[in-house]
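**Student:** Dropping the sequence and predicted coords here.
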Amino acid sequence: MAERAIIGLTDWLKTPAGAYVLHWEQAHLDVAVADLFGFHALQLGLPELEALRANRMPHRWTATEHAEAGAPPQAHDGATAETLQGEATVPVRAAVALHCDFDALPFDSNSLDLVVLPHALELARDPHLALREVERVLVPEGRVVIVGFNPTSLWGLRQHLGRWRRQLWPRSARGLFLPSAGEFLRYRRLRDWLRLLSFEVEDGRFGCYRLPVASLKWLERSSWMERVGERWWPVFGAVYFVVAVKRVRGMRLVGMVRAQRAVPNSAPAPVVATHHHHQNSNDPPP
């Protein structure tokens, strides 16, 4: 398949490489959110990924920043009809419930139990502000799940070389390997942001160790790199996902605690003093 300029993440996910990443993210997100309980869950962005399908919360929504992001998927070129180890390359979209700015969510503070951000921070206008907004709407002990591309990987290296080539030869016909929109966040930088916002990281994982190639044939040939990569270079996977918990320090219980206070016992000192007084009054005068 000839290389071409990739405009956005939606089009890129229809390629063999995009389907490979989407399948890995879907499988690991299903495991990550399956046992998270509560009442309200929200997915921000990427309706091609059904991040909440394995979760059992009664109220689940998918939000996008632009209305056109929820349009039905269109057929791609002939390469999308192929499969990668039985995985369809045409993604299935989740139903979009609302459109909003990710840095100004239309939810009350402390109202959501789970927020999933599949590549949302990479495309946000201000990723730190968007993450701060997620912290605002999450309840104490609520969880956030973040998925992103890893810039310190073979895929990230090829993307960096593609940008460098574009600067030297602007008229070059070769496009970028990964989506051109947004800025990839380093894993350590994301963990620092979460720590500043009082999140505690529960789980972090890397994946997708195959070669950064656009051909389905070469992706299948490099499948052996999955096992080797997980063992020998685990932090150099093409994508990562992080699960973090919102911690609130110094919480104080209210309500029934006040009614359960113990009643102080009466002191026996006055009774003893009176008893000694009567004994002394019965003594004969000197």
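**Tutor:** Now that the structure is in, tell me what you want to look at. Numbering: from 1, shown residues only.
**Student:** In which helix or strand does residue 227 reside?
**Tutor:** helix 225-232 (DSSP states H and E).
**Student:** what residue ranges in the stretch 51-200 of the chain score low on pLDDT?
**Tutor:** 67-94, 171-174 (pLDDT under 70).
**Student:** where do the strands sit along it?
**Tutor:** Ranges of strands in the stretch 51-200 of the chain, per DSSP state E, counting those that start in this stretch, are 59-64, 83-84, 87-88, 98-99, 112-118, 138-149, 199-207.
**Student:** Quick one: closest of these to residue 17.
**Tutor:** strand 83-84 (9.0 Å; CB to CB). For the C-beta atoms, the positions are set from N, CA and C on the backbone; glycine is no exception.
**Student:** If you compare the directions of the longest helix seen in the chain and strand 59-64, what angle comes out?
**Tutor:** Ranked by number of residues, the top helix in the chain under DSSP state H is helix 16-33. Orientation note: helix 16-33 sits at an angle of 150 degrees relative to strand 59-64 (axes from the mean of the first three to the mean of the last three CA atoms, to 10 degrees).
**Student:** contacting residues around residue 248?
**Tutor:** Applying CB atoms under 8 Å, 6 or more residues apart in numbering to residue 248 gives the contacts 140, 141, 198.
**Student:** Wait, the second one touches residue 245, no?
**Tutor:** This means residue 141. Yes - the criterion here is CB atoms under 8 Å, and residue 141 meets it with residue 245 at 6.1 Å.
**Student:** between these two, who's got more neighbours?
**Tutor:** Set residue 141 next to residue 245 and count neighbours by other CB atoms under 10 Å: residue 245 wins out with 17 against 13.
**Student:** Now do the phi/psi pair for that one.
**Tutor:** phi -110, psi 140 (degrees, to the nearest 10).
**Student:** and it, how far is that from residue 239?
**Tutor:** 21 Å (CB to CB, to the nearest Å).
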